[in-house]
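Participant: Below is the sequence, then the predicted model.
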Amino acid sequence: MTELHYATAIELAAKIKAKEISALELLDHFLDRVDRHNQSLNAIIWMDRDGARTRARAADEALARGEDWGPLHGLPMTVKESFNLSGSPTTFGRPEMKDNITQGNAVLVDRLLGAGAVIFGKTNVPINLADWQSYNEIYGTTNNPWDLGLTPGGSSGGSAAALAAGLTGLDAGSDIGASIRNPAHYCGVFGHKPTFGIVDGEGQSLPGTFNESDITVVGPLARSAEDLALALDIVAGPNRYASTAWRLDLPAPRKTALKDFKVAVMLSDPMAEVEQSYQDCLSGVADALAKAGATVSHTARPDIDTARAMELYIIMLRAATSRRSGPAEISRFEQIVADGDADTNLYLARMAQGVLLPHREWLHMDNERWAMRRAWADFFKEWDILLCPAATSPAWPHDQEGERHNRTITVNGKPQYGVDQMFWAGYPNMVFLPSTVSPAGLSPEGLPLGLQAVAAEGEDKTSIEFCRLVAQDIVGFQPPPGYD
């Protein structure tokens, strides 16, 4: 694959530094592709062409003087709409925020710019970043480049779609419920959900929000694991308050060859049954790992009740996002909780419980989460990676009718609530673990399928390196048809 727009960020930056192509020429190449393909995708929803060209020219002039801005010198890239980027709208897809023009940058944006990037645009999101689709009243619907009738995922759906179609060199998103991971899976690219707290999320917010919520993280999406590793090195680090006393020192990958990895494989769970063809695809990757010499187990698991993990995750997730609930929604949730006949196992009931959760109860749940955190730590004393799905199926048709928790998808010929597949988001995420999604192959329908590689807390480089080796030796990125 030699097309310039499908090269990795590392390769593109190297071409600029070797003066094989100028930063301005590369930017114009991507802008031309946006003009040709973005109308049907609606992945990139805001651009500053003039500002980006000015910065690209400055990057070329700096290079001519012998100045190196950093590892992303001159690289054209985009970021998720929810990141503050000076002069751009940051709306979270909320109609009442459509005129919110940012006056400063998110910390992650500053770190990317400090590494030399040319950020030329922003990518689409669902309202409040709260859907596995990416649509809103301000910007409309983003489509999956593999099939325009399907979701690209959410909430970083525009990011993954833009990368898959070769419209940008690199992107950054956020994740509290697989918002980096499911778009990477649905669109066939790479995404990394960092260990909680290692990347400063300040500035990925609306006005008046200063603290970072529980569980949520920010991190990179790319077309290669190498790019994920580089981007993580650039953006990771303590926040401005902790940096006085604390430093981040992520350990090197545990292993550097597939034959040395110990991999536990989890193909499905009663909490979120996985499409059989997806299970078969992941099983094929597991077989290839074993053939390469890796130690593979289909039964090894952390000592955790998955049903309780799902319940705890949804309640704590909705507690973490509860400040977005207005008086009308609070009143509705109070009625749901007061209804003695309500099914407490349903997502809506757990959402209501989380939004209304008293702090004392949250403390007890947090204590339970810490017990699960210990169980995961014990598990990773023996195993390097948990390989599991990122969702329950490939990408599915757009569905914007009714409320999200009532929508269903089809899994193994049966209806499944779309929110049920959030199990695969929360199982590792609630307990702060890093996980990397990378391509695992194609479904029988020709849609991308991704594997989720979960590593021990703080060992982000292990999951990224594992995915790099899988891409190198088993299966890696392939572009969707029709975007040559």
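Facilitator: Sure, I can see it.

Participant: quick one: contacts for the most centrally placed residue in the chain?
Facilitator: With distances taken as C-alpha atoms, centre = their mean, the residue of the chain nearest its centroid is Ile180 (0.9 Å). Taking C-beta atoms under 8 Å, 6 or more residues apart in numbering, we find Ile180 in contact with 156, 173-174, 191-193, 219, 221, 437. In short, each C-beta sits where N, CA and C put it, glycine included.

Participant: what does His185 give?
Facilitator: His185 touches 153, 389-391, 437, 448-450, 452, counting by C-beta under 8 Å, 6+ apart.

Participant: And the residues you listed, which is closest to Ala377?
Facilitator: Gln452 (18.9 Å; C-beta to C-beta).

Participant: Looks to me like the closest one is in a strand.
Facilitator: Yes: Gln452: assigned to a strand according to DSSP: H, G, I helix; E, B strand; the rest coil.

Participant: Just give the nearest non-adjacent residue to it, would you?
Facilitator: Ala390 (4.4 Å; C-beta to C-beta, 6 or more residues apart in numbering).

Participant: In terms of pLDDT, where does that neighbour sit?
Facilitator: Model confidence at Ala390, given as pLDDT, is 98.

Participant: Could I get the full set of strands for the stretch 351-484 of the chain?
Facilitator: 385-389, 408-411, 414-417, 435-442, 448-454 (DSSP state E, counting those that start in this stretch).

Participant: I'd like those strands as a markdown table, with distance to Leu228 and mean neighbour count appended.
Facilitator: Shown next, in a markdown table, are these (distance: least, C-beta to C-beta, whole Å; neighbours: other C-beta atoms under 10 Å):
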| stretch | distance to Leu228 | mean neighbour count |
| --- | --- | --- |
| strand 385-389 | 15 | 27 |
| strand 408-411 | 28 | 18 |
| strand 414-417 | 30 | 13 |
| strand 435-442 | 7 | 27 |
| strand 448-454 | 11 | 28 |
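
Participant: Mind putting those strands into a markdown table with distance to Asn124?
Facilitator: A markdown table is the format used below for the strands of the stretch 351-484 of the chain (distance: least, C-beta to C-beta, whole Å):
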| stretch | distance to Asn124 |
| --- | --- |
| strand 385-389 | 25 |
| strand 408-411 | 21 |
| strand 414-417 | 24 |
| strand 435-442 | 19 |
| strand 448-454 | 19 |
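
Participant: For Ile314, find the nearest of these.
Facilitator: strand 414-417 (11.6 Å).

Participant: Spit out the contact partners of the closest residue in space to Ala440 that isn't next to it in sequence.
Facilitator: In space, Ala440 comes closest to Leu451 once its chain neighbours are excluded; the distance is 4.1 Å by C-beta to C-beta, 6+ apart. Leu451 makes contact with 282, 285, 387-390, 437-440, 467, 470, according to C-beta under 8 Å, 6+ apart.

Participant: Report the contact partners of the residue nearest to Trp362 when sequence neighbours are not counted.
Facilitator: In space, and not counting its chain neighbours, Trp362 is closest to Ala319: 5.8 Å by C-beta to C-beta, 6+ apart. Ala319 makes contact with 214, 354-355, 357, 362, according to C-beta under 8 Å, 6+ apart.

Participant: how close does Tyr186 sit to Tyr139?
Facilitator: According to C-beta to C-beta, to the nearest Å, Tyr186 and Tyr139 sit 19 Å apart.

Participant: same question, His298
Facilitator: 43 Å.

Participant: Neighbour count: these two, which is higher?
Facilitator: Tyr139 (22 against 13; other C-beta atoms under 10 Å).

Participant: got the phi/psi numbers for that one?
Facilitator: phi -110, psi -10 (degrees, to the nearest 10).

Participant: Apart from its chain neighbours, what residue comes closest to it?
Facilitator: Closest to Tyr139 by C-beta to C-beta, 6+ apart is Ile45, at 4.1 Å.

Participant: ditto for Ser156
Facilitator: That would be Gly173: by C-beta to C-beta, 6+ apart, it lies 3.0 Å from Ser156.

Participant: can you pull the contacts of the one you found?
Facilitator: 80, 155-156, 159-160, 179-180, 183, 191, 218-221.

Participant: do that again at 6 Å, thanks
Facilitator: 80, 156, 159, 180, 221 (C-beta atoms under 6 Å, 6 or more residues apart in numbering).

Participant: give me the element it is part of.
Facilitator: strand 171-175 (DSSP states H and E).

Participant: Nothing else from me, thank you.
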